[in-house]
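>>> sequence-free structure coming up:
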Ligand code: ADP
Ligand code: MG
């Protein structure tokens with residue numbers, strides 16, 4: 001029997017045990033066996049603090065319902081773990097469509113582990129109440145020790161370390177930017193952990209731009225602006241994650257601008273992350289944009305193969321999992337999109353192997369990760385399409401979004417819309433939005449027009465085919 005066959009028959013047995021009509025008991029069992037893998041998957045500290053109190057509630061109509069003892073825990077788990085948990089449940093039983101977390105006050109909460117990720121004592125588990133309220137919870141895994149450095153992130157890492165280690169302010173703000181899943185949040189948390197551990201007196205507040213806005217709006221509603229301002233302006237280090245969320249939100253931006261200036265004037269450190277650089281972030285006021293560029297702007301580039309392999313090796317060691325190098329190389333080669341997805345893939349094969357048994361091979365990996373691998377195979381983004389098409393027809397990328405209707409610009413734009421439809425999963429309205437906010441009818445028209453022209457004009461048809469091939473390779 002080949003490895004592949006052995007694997008298939010394992011899956012069969014599993015499915016026989018949990019057919020579509022499975023009882024609540026079998027889902028409860030599924031939950032318990034999955035939960036037993038959590039300490040390995042999420043780390044002991046996270047497990048103890050957040051996951052161990054979770055309990056199975058029920059399964060009905062595709063909804064897998066689990067309960068947490070408090071709303072705070074529920075929110076934390078849904079932000080930080082629910083996606084991964086759902087993925088795991090689905091890989092074990094595809095009839096699970098959705099994961100819901102409800103609050104059940106009867107559940108017991110274990111005492112939150114009183115150690116820090118790097119063993120620095122109890123102080124981190126009891127941050128001042130105020131920091132806890134205005135800031136967000138820090139993920140214990142996101143420390144410098146767990147951050148693998150490579151060419152693509154070395155500048156951001158060095159800058160983060162410098163800010164974390166130094167008690168003086170060298171650059172203000174530190175602005176870290178890069179694509180999704182490349183380690184911005186990890187670095188932000190690492191800075192916060194480091195400062196909290198080495199300089200417990202310094203007040204560090206970390207939160208997402210979304211949460212900042214939420215608190216700002218609440219303060220407005222409850223006429224509590226004075227204490228809002230006081231809270232944020234009295235911290236030593238303010239860290240705002242996913243700053244792009246604020247763009248276009250004028251009054252929040254305005255308030256942040258004042259907070260920012262107040263902190264910088266007092267020589268307090270501000271650290272910001274975003275998905276784009278200050279110059280490229282849309283919807284920012286000019287004064288905000290220029291102020292953001294005053295300090296150090298550090299970017300994180302897409303990963304290289306070496307970095308991906310390094311991260312996989314380090315994760316494998318943390319998980320104490322036994323995975324052949326060939327499988328790690330296979331993953332590093334195939335999943336180039338981002339690190340979050342790479343980690344997700346690794347967790348999935350480890351969970352699968354520990355639940356259904358069997359060793360991990362390239363074949364079993366291919367099988368378990370079918371969906372992820374397929375998505376990575378033909379993942380072309382609309383941005384990429386716009387860039388390639390603009391380059392091909394010698395027009396500016398910005399013309400893809402502009403209102404210009406001259407033929408030399410409108411035709412390439414239609415080609416890019418056609419290719420976006422053909423090569424991505426995006427819907428017509430989504431594509432329209434990416435092309436300067438056009439509506440779905442415009443996109444539909446473009447797709448039809450290009451198809452017709454490809455039939456009518458041979459050279460045009462060949463051109464578009466060539467572009468398509470280039471984008472797919
Ligand atoms: P972003 O905030 O840029 O979207 P995250 O910081 O959330 O990305 O990173 C996504 C996942 O990848 C996290 O689990 C993080 O720990 C992991 N990760 C990112 N970069 C690295 C790295 N250099 N070394 C180890 N893990 C990393
Ligand atoms: Mg992030």
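It's in. None of these values were measured; they are calculated from a predicted model. Ligands and ions are numbered 1, 2, ... in the order given.

>>> what segments of the stretch 251-400 of the chain are helices?
Remark: helices assigned in the stretch 251-400 of the chain by DSSP state H, counting those that start in this stretch are 286-292, 305-319, 325-334, 339-356, 362-368, 370-377, 382-392.

>>> ok, which of those helices comes nearest ligand 1?
helix 339-356 (3.5 Å; CB to the nearest ligand atom). (Glycine included, C-beta is placed from N, CA and C.)

>>> now for that closest one, which elements pack on it?
Judged by 3 or more CB pairs under 8 Å, 6 or more residues apart in numbering; DSSP states H and E, the packing partners of helix 339-356 are helix 3-17, helix 24-35, helix 38-42, helix 82-92, helix 305-319, helix 325-334, helix 362-368, helix 370-377.

>>> count the residues that sit near the residue of the stretch 301-450 of the chain found nearest ligand 2.
In the stretch 301-450 of the chain, the residue that lies nearest ligand 2 is residue 340 (8.7 Å; CB to the ion). Residues lying near residue 340 (other CB atoms under 10 Å) number 16.

>>> these two touch, right, it and residue 184?
No - look at residue 340 against residue 184 with CB atoms under 8 Å: they stay out of range, at 10.9 Å.

>>> tell me the mean pLDDT for stretch 191-205?
Averaged over stretch 191-205, pLDDT sits at 92.

>>> any bit of it sitting next to ligand 1?
No - interface with ligand 1: stretch 191-205 contributes nothing (CB under 6 Å from any ligand atom), its closest point being 11.9 Å away.

>>> quickly compare the helices of the stretch 251-400 of the chain and say which is most buried.
Of all these, helix 339-356 has the most neighbours on average by mean count of other CB atoms under 10 Å, namely a mean of 20.

>>> which other residues reach it?
10-11, 14, 33-34, 37, 40-41, 84, 87-88, 91-92, 180-183, 303, 308, 311-312, 315-316, 319, 321, 323, 327, 331-332, 335, 359-360, 364-365, 368-369, 372, 376 (CB atoms under 8 Å, 6 or more residues apart in numbering).

>>> what's the angle from that helix to helix 24-35?
Interaxial angle, helix 339-356 versus helix 24-35 (axes from the mean of the first three to the mean of the last three CA atoms, to 10 degrees): 120 degrees.

>>> next, the angle helix 370-377 makes with helix 339-356.
Using the same axes, to 10 degrees: helix 339-356 against helix 370-377 is 160 degrees.

>>> tell me how far helix 339-356 lies from the chain's centre.
Between the centre of helix 339-356 and the centre of its host chain there is 16 Å, according to CA atoms, centre = their mean, to the nearest Å.

>>> ok, now stretch 356-367?
26 Å.

>>> let's check: the centremost residue of the protein is which one?
The chain has residue 181 as the residue nearest its centroid, 4.3 Å off, counting by CA atoms, centre = their mean.

>>> residue 179 contacts residue 303, doesn't it?
No - counting by CB under 8 Å, residue 179 does not reach residue 303; the two are 9.6 Å apart.

>>> so for these two, which residue has more residues nearby?
residue 303 (27 against 16).

>>> skipping adjacent residues, who's closest to the more buried one in space?
residue 152 (5.5 Å; CB to CB, 6 or more residues apart in numbering).

>>> could you check how far the one you found is from residue 300?
6 Å (CB to CB, to the nearest Å).
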